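[1] What follows is a predicted protein model with its sequence.
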Amino acid sequence: MSDDEVEVREPEAEPEGDDPDWWHRDHPTFAALSGFFTGLVFVLLVPAVFVGLLSLLFDDNDRVSELFPLVLVTLVVPLVLVISPKSRRFGTYMWIGIVTTALVVGGVGALVLYVLVNGQS
């Protein structure tokens with residue numbers, strides 16, 4: 001082969017099967033990142049979807065308010081993830097995402113409320 005010729009290789013076909021690729025299987029931060037962001041989405045979407053479903057099912061807003069604390073039952077999912085040995089790392093980081101998001105949302109909400117109440121009119 002001379003210097004002017006370039007060797008072109010065909011990309012290797014990925015093995016067929018249900019096994020995830022190396023990023024999902026072996027990368028050390030995949031479970032941590034995906035667990036954290038799943039916890040973040042869990043805190044933001046689950047209560048909103050739950051209220052939306054309750055609003056569709058019940059016309060009475062008082063009934064929706066009474067049933068809203070049942071959303072806490074969904075916290076069983078991350079608890080089961082922490083208990084299971086295969087998903088312990090993911091579940092742990094999911095809890096970290098849940099707690100961190102709740103603290104940030106609560107802190108920012110409290111700060112905004114403080115500024116609104118004590119601000120100059």
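    Done, it's in. Numbering: from 1, shown residues only.
[2] Could you measure from residue 62 over to residue 5?
    Going from residue 62 to residue 5 by Cβ to Cβ, to the nearest Å gives 79 Å. Glycine gets a C-beta too; all of them are placed from N, C-alpha and C.
[3] Kindly report the same for residue 107.
    Going from residue 107 to residue 5 by Cβ to Cβ gives 63 Å.
[4] Show me which of the two is the more surrounded one.
    Taking neighbours as other Cβ atoms under 10 Å, residue 107 and residue 5 compare with residue 107 leading, 10 against 7.
[5] any idea which helix or strand carries the more buried one?
    helix 88-118 (DSSP states H and E).
[6] Test my guess that residue 40 contacts residue 101.
    Yes - counting by Cβ atoms under 8 Å, residue 40 touches residue 101, with 4.8 Å between them.
[7] so the residue lying closest to residue 93 once chain neighbours are set aside is in which element?
    Leaving out its chain neighbours, the residue that sits closest to residue 93 by Cβ to Cβ, 6 or more residues apart in numbering is residue 35, at 3.1 Å. Secondary structure assigned from DSSP H and E places residue 35 in helix 30-57.
[8] so what does the following helix or strand past that helix touch, helix or strand wise?
    Of the helices and strands lying after helix 30-57 in sequence (DSSP H and E), the nearest is helix 61-67. Applying 3 or more Cβ pairs under 8 Å, 6 or more residues apart in numbering; DSSP states H and E, one finds that helix 61-67 contacts helix 30-57.
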